[in-house]
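Engineer: build the 3D model from these lines:
(chains A, B and C)
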Amino acid sequence: MGGRQSTKFPDGAPAGGAGDAVSDPVTESATGSDCLVRIRGLSFSRGAQVIFDQVDLDIRRGAVTAVMGPSGTGKTTLLKLISGQLRPDAGSIEVDGEPVETLGRSALYQLRRRMGMLFQSGALLTDLNVFDNVAYPLREHTKLNPAMVRKLVLLKLEAVGLRGARDLMPSALSGGMARRVALARAIALDPMMILYDEPFTGQDPISMGVLVTLIRQLNDASGLTSIVVSHDVCETASIADYIYVISNGQVMAQGTPAEIAAERSAWVRQFMDGLPDGPVHFQYPAPSLADDLLVRKVA
Amino acid sequence: MAKQHSIEVLVGAFMAAGFVALFFLAMQVSNLSASAASDGYRVTARFTNAGSIKARAPVSMAGVRVGRVEQVRLDQKTYEAVVTMRIDKGVNNIPVDTFANIFTAGLLGEQYVGLQPGGSQDSLRDGDEITQTQSALILEQLIGQFLFKKAEEGGK
Amino acid sequence: MANKARALMDGLLDPLARLGHSGLKALAGLGRAHLLLLGILGGTGELLRRPRLLLAQVFNVGVLSVLIVGVSGFFVGMVLGLQGYYVLSQFGAKESLGVMVAASLVRELGPVVTALLVAGRAGSALTAEIGLMKATEQLSGLEMMAVDPVRRILTPRFFGGLISMPLLAALFSAVGVLGGYFVGVGLLGVDDGAFFGQMQAKIDFREDVVNGVIKSLVFGVVVTWIALFQGYDATPTSEGVSRATTRAVVHSALAVLAIDFVLTALMFGK
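Structural biologist: Next up, the predicted model:
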């Protein structure tokens, strides 16, 4: 099995008050309906590199769950596994009771209509303007008349504050605006869940603040379930109801922001506090400096 | 919308140009207009030597192309070449006693079947055979005969 | 001693292992390419319901290549006229110039050179476009919107190329014949009637023209397939995309020439 705490199960306690969950043993499916995404024994590797090794994760309905970890720990891979873009080597991934890893193509596509995903780059279609980008999923999947589509698109754009930018092309948008447009597109079909892939990376403080507020607001206003994958500790912790910290293919810690803040493990402390040296060494493994300097280059 | 429309017009123009080019290749460059595919009727002729005549070689009468050779095969009983020709539908009054030759266009040109009309009132029909034929002239044989004759003359 | 022997063995086996590795990699790539082709063809029905998507791609591949294909065709035809005239006039057979020009164009140069030009002009653009869409996560984005990127993005491009290629090749050949006519008849004084007369007598519609069209259809499949696969399979970085673009052009050119040899042997090598 995975790390020390990887078999724990977050119960249905409200945000910030799940104190006794830390010591709970595994209570499989005790709160089944409350749990939108249930991952059990997930293993995934790319070539020789093991990305996940027997990981268990639960995403509670209606909550903002954050998945944090250093770069390259497969956080984006986790989102792709949940959305069925990748298939796990072992283990099961259930989304709303449906086993994603075994779904056929059309069932998977049906399921994806109820999911939205916000990509790091926004992933807007570059040959369509903002309005058409947001309208795209509506036009693809519904038979609404143009007037209705227009109304819906303007409402979604209003929600992200970009109704005025509807005629711009994606190339004319700043990174933060592109992400907001992508967010409007992700909620166009009123999904049950939104996956955020590094929503805060490379944002200036203002757009960062806008995004943080938007994620929380959208989640609470429309009864969404949100999964935020990020390594921006403060911003993520400020909106998350529950946090998983993963590294080296295992869940290193989990709990409410308060619990994570109280976590004593040296590794978690180094990650959460951003210490330059600790269990993860500042130095890449190398022979001692003195040895290295004394060695003459052999011609 | 205007942009979409102009793309439509351009694609339409492109496809039209492509088809015009294909049509040009079919009608002007190749023989589609002349051959009219499988129209016409077949006649055969036997030659003791068909020379280098091949399928698709022209069949002409008085220098005008009236058909094409369809097939050349060997009759294994008589060791003759059987040449099947397809004559154009419009040329339907070739006399039955027509004479078929294998000629060469120019000294090095390709060979063709030349028809010299006879005087009969009856015309060739589909499946008929031309009985009067003259084989291809083989250059080596001609030269050989010529040398042989010269040698004979010299010997006298 | 034992170490030395082992080192020697490794030295001998290493190249073999590397060969095996690259062979397996090539096979795996071929497998992915075929799966992709299946996926592309799977979108045919969807495409028929939305012909508008196809229109834009015929524009991208076909219309935008007309100029380069037309100009190249005219020049190739003129060169054929010039070279053919010099060779044929030595045998006193300059009346056959039309045959030579038309046969070379319709059978070989039309389909092959057009395929090479399209690979360079449109194929590389397709690879870059798909590769960039992959690098900027647009393909994943579509997938997450429950839109199959293969069917929505790749299928129309594939058929756009398939439709455009024979039309472009016909255009190339036709313009080339006119170029040969311009040089042969217009400049070098070959008889007008003989030029077209001999041509019509010797060029067979089914044997030459139809076979040429079949060739260009095959090339259309090969060039767009390779371009789309390279883009779709590209490493999603700017370096990966640029490498994929180069690979697409090189692979298409080699594939076109090799397949042309096979097709020519099958069609004309009786």
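Engineer: those helices in the stretch 151-299 of chain A, which residues are they?
Structural biologist: A:175-186, A:205-221, A:233-239, A:257-262, A:266-273, A:289-294 (DSSP state H, counting those that start in this stretch).
Engineer: what's the most buried one of these?
Structural biologist: Among those, helix A:175-186 has the highest mean neighbour count (mean count of other CB atoms under 10 Å in any protein chain shown), at a mean of 24. (Each C-beta comes from the backbone N, C-alpha and C, glycine too.)
Engineer: remind me, longest strand of chain B?
Structural biologist: Looking across chain B with DSSP state E, the single longest strand is strand B:64-75.
Engineer: residues from the stretch 101-250 of chain A in reach of chain C?
Structural biologist: A:105, A:109-110, A:112-113, A:115-117, A:119-126, A:136-137, A:140-141, A:182, A:185-186 (CB under 8 Å from any CB of the partner chain).
Engineer: try 7 Å
Structural biologist: A:109, A:112-113, A:115, A:117, A:119, A:121, A:123, A:125, A:136-137, A:140-141 (CB under 7 Å from any CB of the partner chain).
Engineer: for chain B, same thing?
Structural biologist: So far as CB under 7 Å from any CB goes, chain B lies against chain C at B:7-8, B:10-11, B:14-15, B:17-18, B:21-22, B:24-26, B:28-32, B:34, B:56, B:58.
Engineer: can you tell me the element residue B:119 falls in?
Structural biologist: Element membership for residue B:119 (DSSP states H and E) is empty, with no helix or strand holding it.
Engineer: chain B: helices as residue ranges?
Structural biologist: Secondary structure of chain B (DSSP state H): helices at B:2-24, B:32-35, B:139-155.
Engineer: ok, now the stretch 51-200 of chain C?
Structural biologist: C:51-61, C:66-90, C:97-103, C:110-118, C:124-135, C:138-144, C:149, C:155-181, C:192-202.
Engineer: of all the ones you listed, which lies closest to residue B:102?
Structural biologist: helix C:192-202 (17.3 Å; CB to CB).
Engineer: got the angle for the closest one vs helix C:66-90?
Structural biologist: Orientation check (axes from the mean of the first three to the mean of the last three CA atoms, to 10 degrees): helix C:192-202 against helix C:66-90 gives 100 degrees.
Engineer: next, the buried residues of helix C:192-202.
Structural biologist: For helix C:192-202, the neighbour count (16 or more other CB atoms under 10 Å in any protein chain shown) marks C:194-196, C:198-202 as buried.
Engineer: so where's the chain shaky on pLDDT?
Structural biologist: No chain in the question, so chain A it is. A:1-33, A:296-299 (pLDDT under 70).
Engineer: please refer instead to chain C.
Structural biologist: Across chain C, residues meeting the criterion (pLDDT under 70) sit at C:1-2, C:270.
Engineer: which ones are touching residue B:131?
Structural biologist: Going by CB atoms under 7 Å, 6 or more residues apart in numbering or on different chains, residue B:131 touches no other residue.
Engineer: wait, I meant residue B:94
Structural biologist: Residue B:94 is in contact with B:87, B:115, B:117, B:123-124, counting by CB under 7 Å, 6+ apart.
Engineer: same thing but at 10 Å, please
Structural biologist: With contacts defined as CB atoms under 10 Å, 6 or more residues apart in numbering or on different chains, residue B:94 is in contact with B:41, B:43, B:61, B:66-67, B:87, B:115, B:117-118, B:120, B:122-125, B:128, B:130.
Engineer: buried subset of the residues you listed?
Structural biologist: For the contacts of residue B:94, buried by 16+ other CB under 10 Å: B:41, B:43, B:61, B:66-67, B:87, B:115, B:124, B:128, B:130.
Engineer: let's see which of the residues you listed end up in strands.
Structural biologist: Per DSSP E, the subset of the buried ones among the contacts of residue B:94 in strands is B:41, B:43, B:61, B:66-67, B:87, B:115, B:128, B:130.
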